[in-house]
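1. structure here, sequence nowhere to be found:
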């Protein structure tokens with residue numbers, strides 16, 4: 001049998017090299033005897049490669065020899081010989097490694113890596129020589145590994161299994177990785193190469209089994225030290241860096257399957273086990289300093305360890321705790337709403353930028369605001385109404401139209417969180433009445449804009465009375481114009497120019513009666529208007545509210561005539577001096593009919609206020625029965641029109657208490673109506689179920705004890721009755 005070896009000769013055609021095949025007859029013996037001379041040349045070449053000495057025969061010649069001997073008979077002889085050469089060399093290297101002096105882990109890693117790199121380089125060259133023989137042998141003997149894989153098995157068996165260096169290798173690799181984690185100089189390229197070696201030799205699982213626990217131990221210890229010595233912001237940055245470092249290490253050095261358990265270990269040690277401490281004690285520092293960068297970092301880290309719900313709870317607890325300090329301190333009532341708006345703005349900045357507007361945090365924000373705002377019943381709603389009143393009085397003096405509109409929207413968000421919306425409505429109605437009756441609104445358009453916002457927020461039922469107040473003012477303007485035309489038509493002349501605001505009682509706040517004896521000229525004009533009005537509306541009755549009246553009085557002083565703008569009660573007092581030069585407290589009370597408190601308040605504003613149109617005989621800041629009052633002949637002022645301290649325009653403590661009492665009474669009626677409505681539908685209901693139904697219907701907070709009182713009242717009035725066999729069950733009585 002003869003084999004013909006093919007050779008390739010090249011020639012260029014049109015500038016390009018073309019390959020053509022020519023046959024070179026070379027006879028190879030087909031007998032089973034090996035040409036020992038050729039084998040010796042091959043063996044010498046292998047040894048030279050292993051010992052890093054020059055090879056006497058060219059690689060092309062060596063490959064030709066292998067090709068010549070690549071018969072089934074020769075393969076069975078030559079391949080085992082080659083394996084023996086490789087085995088003997090590795091045994092020698094194993095002995096050298098075993099007997100080498102121990103000079104530390106770094107030197108050991110370098111020597112093992114050098115042996116591995118040399119082995120790989122040698123086997124690449126050796127395999128390139130014996131590739132034809134290797135392929136033929138693998139096909140001939142089933143289950144035989146190729147030469148490269150066989151060399152790996154030999155390397156693992158002779159270097160590691162024989163010398164038992166696997167444990168030492170793993171320990172040295174872990175020590176070097178620990179140094180790298182500590183920021184010290186290491187042999188990163190050597191470590192990367194050796195970890196790749198463990199993968200090639202199927203020792204990686206042994207390395208991984210030690211690497212992951214060592215990583216957990218390292219980060220457990222590090223986390224304790226860092227938390228004790230670092231601020232929370234620095235610690236979070238450190239955790240973020242560690243995650244990035246370990247991700248890079250895993251992708252650069254480790255197998256793909258190690259990345260996930262490694263990062264889980266880092267997350268568990270640095271984050272998960274310490275998250276309760278971070279959120280309970282450290283989170284507050286980030287919120288207090290408005291550190292958006294690190295709050296956002298904490299948010300992303302919590303996502304890694306499924307701690308978002310815990311972070312939401314911490315955020316909610318912080319909002320409630322800090323918010324209560326703004327609401328529950330009576331000393332801060334005057335600035336409550338401004339403080340709440342500032343607090344709200346800060347939190348919205350965190351909510352939108354750090355927490356990315358996540359729905360869970362938006363809900364936690366809402367619940368937290370509702371909780372702390374309502375921790376002090378009714379007061380926040382009252383202060384919100386006062387704040388809106390102040391802004392609607394000042395208008396655009398302090399800000400632009402867009403800024404004020406935005407501010408009112410933010411105030412309405414606070415209003416939305418309050419449970420005492422009926423409290424807001426009552427105080428807002430009082431303030432609106434003062435603005436409308438005393439022309440204190442900065443802008444009618446602004447008032448209507450606010451009314452539209454409230455209507456959109458609470459519905460038409462909430463604003464129906466407020467809209468009725470605006471309608472009354474509009475109708476009153478037309479009524480006064482009609483009254484003047486009526487007087488002109490009759491040719492009647494009035495010494496007093498009177499403007500009357502006729503108000504629908506159900507729309508406006510309830511005003512207490514002010515006992516006041518009016519001068520005859522004022523009574524005359526009142527009666528004249530009453531006759532005119534009742535002629536047009538015979539079914540209606542007019543009730544004069546003296547407490548809300550105000551006048552402009554022309555007063556002639558020795559130093560000039562002034563127009564004094566004052567309350568009706570102050571006007572009556574001043575008119576008394578047209579007939580008397582001086583009057584004491586008792587005499588003034590007889591003339592005006594005012595009660596002690598109201599007379600005292602009016603006299604104080606006229607005799608001790610900024611514009612002192614009256615003099616007081618006793619130099620004291622209090623009023624007594626012996627005090628004598630007279631017109632201040634020395635009064636002077638640079639202005640033509642002067643406002644005498646309009647006490648009646650300011651809400652007194654009594655009026656505030658009266659408003660709260662009205663709110664309480666309205667709530668009683670609402671509770672009674674809700675109970676009857678529910679029982680009429682259900683006919684029979686247990687106490688607990690009735691309480692649940694009331695909670696759904698009533699829009700204000702209530703105490704169970706108050707509900708029990710209302711139920712007892714309804715039982716007494718025969719609206720309800722207790723069941724005969726169950727005192728906790730109520731029956732509706734038709």
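-> Yes, it's here. Quick caveat: nothing in here was measured; it's all calculated off a predicted structure.
2. which elements pack onto the host helix or strand of residue 155?
-> Residue 155 belongs to helix 147-155 when assigned by DSSP states H and E. Applying 3 or more C-beta pairs under 8 Å, 6 or more residues apart in numbering; DSSP states H and E, one finds that helix 147-155 contacts helix 72-99, helix 105-140. Where C-beta positions appear, they are placed from N, C-alpha and C, glycine not excepted.
3. what about the helix or strand following it, average pLDDT?
-> Next helix or strand after helix 147-155 toward the C-terminus (DSSP H and E): helix 166-181. Over the span of helix 166-181, the pLDDT mean works out to 91.
4. and the contacts of helix 166-181?
-> Outside helix 166-181, the residues within contact range by C-beta atoms under 8 Å, 6 or more residues apart in numbering are 105-106, 108-109, 112, 160, 185-188, 190-191, 194-195, 198, 203, 206-207, 210-211, 214, 218, 245, 249.
5. I'd like the next helix or strand past that helix.
-> Downstream of helix 166-181, the next assigned helix or strand under DSSP H and E is helix 188-200.
6. got the buried residues for that following helix?
-> For helix 188-200, burial by neighbour count (16 or more other C-beta atoms under 10 Å) applies to 190, 191, 193, 194, 195, 196, 197, 198, 199.
7. JSON lines for these, including pLDDT and distance to residue 310?
-> Listed next are those as JSON lines, based on pLDDT from 0 to 100; distance: C-beta to C-beta, whole Å:
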{"residue": "190", "pLDDT": "92", "distance to residue 310": "42"}
{"residue": "191", "pLDDT": "91", "distance to residue 310": "37"}
{"residue": "193", "pLDDT": "92", "distance to residue 310": "43"}
{"residue": "194", "pLDDT": "93", "distance to residue 310": "41"}
{"residue": "195", "pLDDT": "92", "distance to residue 310": "36"}
{"residue": "196", "pLDDT": "93", "distance to residue 310": "40"}
{"residue": "197", "pLDDT": "92", "distance to residue 310": "43"}
{"residue": "198", "pLDDT": "92", "distance to residue 310": "39"}
{"residue": "199", "pLDDT": "91", "distance to residue 310": "39"}
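8. mind putting those into CSV with distance to residue 68?
-> CSV is the format used below for the buried residues of helix 188-200 (distance: C-beta to C-beta, whole Å):
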residue, distance to residue 68
190, 42
191, 45
193, 37
194, 40
195, 42
196, 37
197, 35
198, 39
199, 37
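9. can I have the buried ones of the contacts of helix 166-181 as a PyMOL selection?
-> The PyMOL selection below is limited to those of the contacts of helix 166-181 classed as buried (16+ other C-beta under 10 Å):
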select buried, resi 105+106+108+109+112+160+186+187+190+191+194+195+198+203+206+207+211+214+218+249
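10. show me where the chain has its strands.
-> Using DSSP state E, the strands of the chain run over residues 5-13, 16-24, 550-557, 560-567, 582-584, 614-616, 628-631, 641-643, 684-686, 720-722, 729-732.
11. elements contacting the fourth one?
-> Other helices and strands packing on strand 560-567, by 3+ C-beta pairs under 8 Å, 6+ apart, are strand 550-557, strand 641-643.
12. possible to save these as a markdown table with mean neighbour count and mean pLDDT?
-> Below are the helices and strands packed on strand 560-567 laid out as a markdown table (neighbours: other C-beta atoms under 10 Å; pLDDT from 0 to 100):
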| stretch | mean neighbour count | mean pLDDT |
| --- | --- | --- |
| strand 550-557 | 14 | 90 |
| strand 641-643 | 14 | 88 |
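13. quick one: which of these is nearest residue 706?
-> For the helices and strands packed on strand 560-567, proximity to residue 706 was assessed by C-beta to C-beta; strand 550-557 is nearest, at 39.9 Å.
14. any idea how far the closest one is from the chain center?
-> Put simply, strand 550-557 sits 58 Å off its chain's centre (C-alpha atoms, centre = their mean, to the nearest Å).
15. from residue 600, how far out is the nearest residue to residue 606 once chain neighbours are set aside?
-> Leaving aside its chain neighbours, residue 606 sits nearest to residue 614 (4.7 Å; criterion: C-beta to C-beta, 6 or more residues apart in numbering). Look at residue 614 and residue 600: by C-beta to C-beta, to the nearest Å, they are 13 Å apart.
16. one more: residue 59?
-> For residue 59, the distance to residue 600 - C-beta to C-beta - is 123 Å.
17. more neighbours: which of the two?
-> residue 600 (17 against 12; other C-beta atoms under 10 Å).
18. residues contacting that one?
-> So residue 600 contacts residue 623 (C-beta under 8 Å, 6+ apart).
19. next one, pLDDT for it please.
-> Residue 600 carries a pLDDT value of 89.
20. what about it, distance to residue 217?
-> 82 Å.
21. is residue 231 in contact with residue 285, as I believe?
-> Yes - taking contacts as C-beta atoms under 8 Å, residue 231 lies within contact range of residue 285: 7.3 Å.
22. from residue 496, how far off is residue 569?
-> For residue 569 relative to residue 496 (C-beta to C-beta), the value is 16 Å.
23. those two: which has the busier surroundings?
-> Taking other C-beta under 10 Å, residue 569 and residue 496 do not tie; residue 569 has more neighbours (27 against 11).
24. skipping adjacent residues, who's closest to that one in space?
-> The shortest distance from residue 569 to any residue other than its chain neighbours is 5.1 Å, reached at residue 602 (C-beta to C-beta, 6+ apart).
25. what about the residue nearest to residue 606, neighbour count?
-> Residue 614: 23 neighbours (other C-beta under 10 Å).
26. was I right about it contacting residue 631?
-> Yes - with contact defined as C-beta under 8 Å, residue 614 and residue 631 form a contacting pair (6.4 Å).
27. find the residue at the geometric middle of the protein.
-> For the chain, the residue sitting closest to the mean C-alpha position, by C-alpha atoms, centre = their mean, is residue 351 at 2.9 Å.
28. report pLDDT for residue 577.
-> Note on residue 577: pLDDT of 90.
29. that one - how many residues pack around it?
-> 17.
30. who's in contact with the closest residue to it other than its chain neighbours?
-> For residue 577, ignoring the flanking residues on the chain, the nearest one in space by C-beta to C-beta, 6+ apart is residue 631 at 5.1 Å. Under the criterion of C-beta under 8 Å, 6+ apart, the contact list for residue 631 reads 557, 577, 581, 613, 614, 615.
31. closest one to residue 42 out of those, please.
-> Among the contacts of residue 631, and counting by C-beta to C-beta, the member closest to residue 42 is residue 613, at 130.5 Å.
32. report pLDDT for the closest one.
-> 89.
33. and if you look at residue 258?
-> 93.
34. just give me the neighbour total for it.
-> Neighbourhood size, residue 258 [other C-beta under 10 Å]: 21.
35. so it makes contact with residue 210?
-> No - applying C-beta under 8 Å, one finds residue 258 not in contact with residue 210, separated by 12.0 Å.
36. for the protein, give me the ranges with low pLDDT.
-> Applying pLDDT under 70 to the chain picks out residues 1-32, 103, 162-163, 646-661, 663-665, 699-700, 734.
37. check contacts around residue 308.
-> Contacts of residue 308 (C-beta under 8 Å, 6+ apart): 299, 302, 358, 360.
38. ok, 6 Å please
-> Contacts for residue 308 (C-beta atoms under 6 Å, 6 or more residues apart in numbering) come out as residue 302.
39. with residue 269 instead?
-> 216, 219, 220, 223.
40. out of the residues you listed, grab the one that's most surrounded.
-> Highest neighbour count within those: residue 219, with 23 neighbours (other C-beta under 10 Å).
41. leaving out sequence neighbours, find the closest residue to that residue.
-> Once flanking residues are discounted, residue 219 sits nearest to residue 269: 3.6 Å by C-beta to C-beta, 6+ apart.
42. ok, that neighbour to residue 298 distance?
-> Remark: distance between residue 269 and residue 298 (C-beta to C-beta) = 17 Å.
43. now do residue 79
-> 63 Å.
44. look at those two and report which has more neighbours.
-> Each of residue 79 and residue 298 has its neighbours counted (other C-beta under 10 Å); residue 298 has more, 28 against 21.
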